[in-house]
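>>> Sequence first, then the predicted structure, then my questions.
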Amino acid sequence: MSSRLSVRSGPRRQALVIGLCLLTIVFDGYDLIVYGSVVPKLLADPGWGLTPAEVGLIGSYALLGMLIGGVTAGTITDLIGRRRTVIGCLSLFSVAMLACSLAPGPEAFGVFRFIAGIGLGGVAPTVIALTVESAPAHRRNLNNALVCAGFPLGGMLAAVLALVFLEPLGFRFMFAVGALPLVTVVPLALWLLPESPVFDRRLGAPSVRHRLTALGRALRSRLAVPIVLFAVANFAGLLVSYGLNTWLPQLMRAAGYAVGPALVFLLVLNAGAVVGGLFGASLSDRLGPKYVTPIAFLVAAASIFALSTKLPIAALYGLIFVAGASTVGTQLVLFGRIAIHFAPEMRATSVGFTSGFGRLGAMAGPLVGGYLAQLGAGFAVNFQIFAGAALLAALATFLVAGSNGHDAAGAVHDLKAIRPAGEQAARREAA
């Protein structure tokens, strides 16, 4: 307790938040992307006998859990605090990953992936809210991107470990690694992770009703436009991100590459995501995020569409790097943009709502890839569909920038009209 109390403000506090939240997101990314790295092994396992459609369906189970976790975490974190929610979600998905490594069959494996998804889904909106609220205004985008870069870093870790250990130790070892936060990050977070300076414990259990009412009113106000457009952008962006991270190794195998080189493509994709997320966030802090995200998604659409053609190996690596930078990397910037768009009173709930809706797209990505593989469609069709989704994300984010919706200042203005009734309701409940 004394350690947390001593870092309530200043650079040391920011460093602790960034470091611990980054570690959390690294394992969040690892635990999701590791599934894509083991897809070829799951398809080849004679004991389980899975078809591509079944592998895609199991891949969507974790994302269904993330939908539930993302939607509920926004409200939970506003009730009990960012710190407790992060630690709870981290513990839940770590235990579930250990259970995945011990699953006796695909049915139990799917159930444990769903449970892991609930914890994984709660991590992102909570960590984003904690990071943004702990950062000075001029570093919000960059600090958020530094933390969210942990997602593709986790993907790179999954790809590297798969290259080294998948063949000799099998897919169960890869999932067991996902339980490491229980003995590493969780103890550190319990000891050192500070609470958000914005979190107000007076907005506890009595405020549930008025917070839900505030969200309903926001959806009936001019805030409805950016909320809906951000939700659509999240849907399309996450469809591309999770579709590529789940099926890229198998798609490249279908294109004629062996397991090892196919996993290298996954590594390159996530390396691009790290660079793209940090570069995009830096541009957003300097130029504003309004037009950075739609332009980046347009680049994503073009680069992914180009992957559907026959290319020299050097060009292929380059395009996959650009695709990672402009899809997964841009998605990280988009999360930060959504968090900054809304005032603290609505931040976690809005991020949770829009990212929760986006999880439908995340679920669709593995399903689309599995369905097309089951039909025997060529790898080119997959890339063309993912390119179309990136184009939709570009359109939605462009419309946010050009609509009567607005960023933080306007959102605060709208919420001032929403907040008094909610506060009166909270005072009546407390009395």
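Noted; the coordinates are in hand.

>>> Phe357 touches Asn234, doesn't it?
Yes - checked against Cβ atoms under 8 Å, the pair Phe357 and Asn234 is within contact range at 6.3 Å. Glycine gets a C-beta too; all of them are placed from N, C-alpha and C.

>>> which stretches of the stretch 201-350 of the chain have low pLDDT?
201-223, 259, 288-289, 343-349 (pLDDT under 70).

>>> switch the cut-off to 50
Scanning the stretch 201-350 of the chain with the threshold set as pLDDT under 50 gives 202-208.

>>> which one is Asp282 nearest to, not counting chain neighbours?
Check again: residue 282 is Ser, not Asp. Nearest residue to Ser282, sequence neighbours excluded (Cβ to Cβ, 6 or more residues apart in numbering): Leu142, at 6.0 Å.

>>> so who does the residue positioned nearest the centre of the chain touch?
Residue closest to the mean C-alpha point of the chain, counted by Cα atoms, centre = their mean, is Ala124 at 5.8 Å. Going by Cβ atoms under 8 Å, 6 or more residues apart in numbering, Ala124 touches 25, 28, 70, 335, 351, 355.

>>> Pro194: neighbouring residues, count only.
Neighbour count of Pro194, defined by other Cβ atoms under 10 Å: 22.

>>> same check, this time on Ile340
Ile340: 21 surrounding residues under other Cβ under 10 Å.

>>> ok, which stretches of the stretch 201-350 of the chain are strands?
Counting by DSSP state E, counting those that start in this stretch, one finds no strands in the stretch 201-350 of the chain.

>>> okay, and for the stretch 51-200 of the chain, where does confidence drop off?
Applying pLDDT under 50 to the stretch 51-200 of the chain flags no residue at all.

>>> again, only this time at 90
Within the stretch 51-200 of the chain, the segments meeting pLDDT under 90 span 51-86, 117, 119-156, 158-159, 162-164, 166-171, 182-186, 188-200.

>>> Tell me where it has helices.
52-80, 82-101, 106-134, 140-148, 150-161, 167-169, 171-177, 185-192 (DSSP state H, counting those that start in this stretch).

>>> Just confirm the residue nearest to Ser282 contacts Gly280, I think it does.
No - counting by Cβ under 8 Å, Leu142 stays clear of Gly280, with 10.1 Å between them.

>>> which one of the two has more residues nearby?
Gly280 (27 against 18).

>>> In contact with that one, which residues are there?
By Cβ under 8 Å, 6+ apart, the contact set of Gly280 is 145, 292-293, 296, 325, 329-330, 332-333.

>>> make it 7 Å
Gly280 makes contacts with 145, 292, 296, 329-330, 333, as judged by Cβ atoms under 7 Å, 6 or more residues apart in numbering.

>>> same for the host helix or strand of Met363, what does it pack against?
Met363 belongs to helix 344-375 when assigned by DSSP states H and E. Where contact means 3 or more Cβ pairs under 7 Å, 6 or more residues apart in numbering; DSSP states H and E, helix 344-375 is packed against helix 52-80, helix 106-134, helix 208-219, helix 224-254, helix 328-341, helix 379-402, helix 408-430.

>>> which of those sits most buried?
helix 328-341 (a mean of 28; mean count of other Cβ atoms under 10 Å).

>>> Let's see that helix as CSV, backbone CA atoms only.
Taking C-alpha atoms only, helix 328-341 is exported to CSV below (Å, rounded to 0.1, in the frame of the first residue of the first chain):
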residue,chain,number,x,y,z
VAL,A,328,-3.1,-3.8,-36.0
GLY,A,329,-1.0,-0.7,-35.5
THR,A,330,-3.8,1.7,-36.5
GLN,A,331,-6.2,-0.2,-34.3
LEU,A,332,-4.0,0.7,-31.3
VAL,A,333,-4.2,4.4,-32.3
LEU,A,334,-7.9,4.1,-32.8
PHE,A,335,-8.4,2.8,-29.2
GLY,A,336,-6.5,5.9,-27.9
ARG,A,337,-8.5,8.2,-30.2
ILE,A,338,-11.8,6.8,-28.8
ALA,A,339,-10.6,7.2,-25.2
ILE,A,340,-9.5,10.8,-25.8
HIS,A,341,-12.7,11.7,-27.6
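
>>> Determine which of the helices and strands packed on helix 344-375 approaches Ala302 most closely.
For the helices and strands packed on helix 344-375, proximity to Ala302 was assessed by Cβ to Cβ; helix 379-402 is nearest, at 7.6 Å.

>>> Return the list of helices and strands in contact with that closest one.
Helix 379-402 is packed against helix 224-254, helix 292-306, helix 344-375, with contacts defined by 3+ Cβ pairs under 7 Å, 6+ apart.

>>> got JSON lines for those, with distance to Ala62 too?
JSON lines is the format used below for the helices and strands packed on helix 379-402 (distance: least, Cβ to Cβ, whole Å):
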{"stretch": "helix 224-254", "distance to Ala62": "9"}
{"stretch": "helix 292-306", "distance to Ala62": "23"}
{"stretch": "helix 344-375", "distance to Ala62": "9"}
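
>>> Which among those helices is found nearest to Phe398?
Here helix 292-306 is closest among those (Cβ to Cβ), at 3.9 Å.
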